[in-house]
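Asks: Can you look at this prediction? I've put the sequence above it.
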Amino acid sequence: MVTVLRAMDRSKDISSKPAPRRRTGAILFWLYAPLFAWSLAASGWALVHLPFTRVFLLVFLGFVVLPFPFGRRPGVVTFMTGIAGAHALGAFALHTWLRLPPWAAAAFLLVSLALLVAHGVRAMNAARGARHTYGR
């Protein structure tokens, strides 16, 4: 005699529903958007005015292009590293272009990288939730 184990249907069970969570996506977006915009503008300024940044761009483009000959695509980590590099150039431009003190550049870099990591964690959780089959 063969026993078939079936998963219990808990779709109508009140105790199995997760507790409601606060939505922080919009708050993180509005905190991060001005820092990201400054990083892009400052990276553009740095590319025009600071020749050594072009070397960084060429190295990053090499990392982006490297997977294509092997039939692969660049990963999320590669693009997150590029965004982190833009934040570093943005912090550097705060000090060189706007002549702000070094602690302001360091604070900008720390806050922007912390928000970048927060967005990365949210994206990974969302992707993991989308892949979850829920017992099928």
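Replies: Looks like it came in fine. Numbers count the residues shown, from 1 in each chain.

Asks: so is residue 23 in a helix, a strand, or just coil?
Replies: coil (DSSP: H, G, I helix; E, B strand; the rest coil).

Asks: what does residue 117 give?
Replies: Local secondary structure at residue 117 is given as helix here, using three-state DSSP.

Asks: what pLDDT does the residue nearest in space to the middle of the chain get?
Replies: Nearest residue to the geometric centre of the chain (C-alpha atoms, centre = their mean): residue 120, 3.9 Å. Each residue has a pLDDT score; the one for residue 120 is 86.

Asks: Helix or strand: which one has it?
Replies: Using DSSP states H and E, the element containing residue 120 is helix 102-131.

Asks: For that helix, which helices and strands make contact with it?
Replies: Helices and strands touching helix 102-131, by 3 or more C-beta pairs under 8 Å, 6 or more residues apart in numbering; DSSP states H and E, are helix 25-49, helix 76-96. (Glycine included, C-beta is placed from N, CA and C.)

Asks: I'd like the next helix or strand past the longest one.
Replies: When you say that, I think you mean helix 25-49. Counting by DSSP H and E, what follows helix 25-49 is helix 52-65.

Asks: which residues are in contact with that following helix?
Replies: With C-beta atoms under 8 Å, 6 or more residues apart in numbering as the test, helix 52-65 has contacts from 43, 46, 47, 74, 78, 79, 81, 82, 85, 89.

Asks: Run through the chain and note the low-pLDDT ranges.
Replies: Residue ranges of the chain with pLDDT under 70: 1-22, 130-136.
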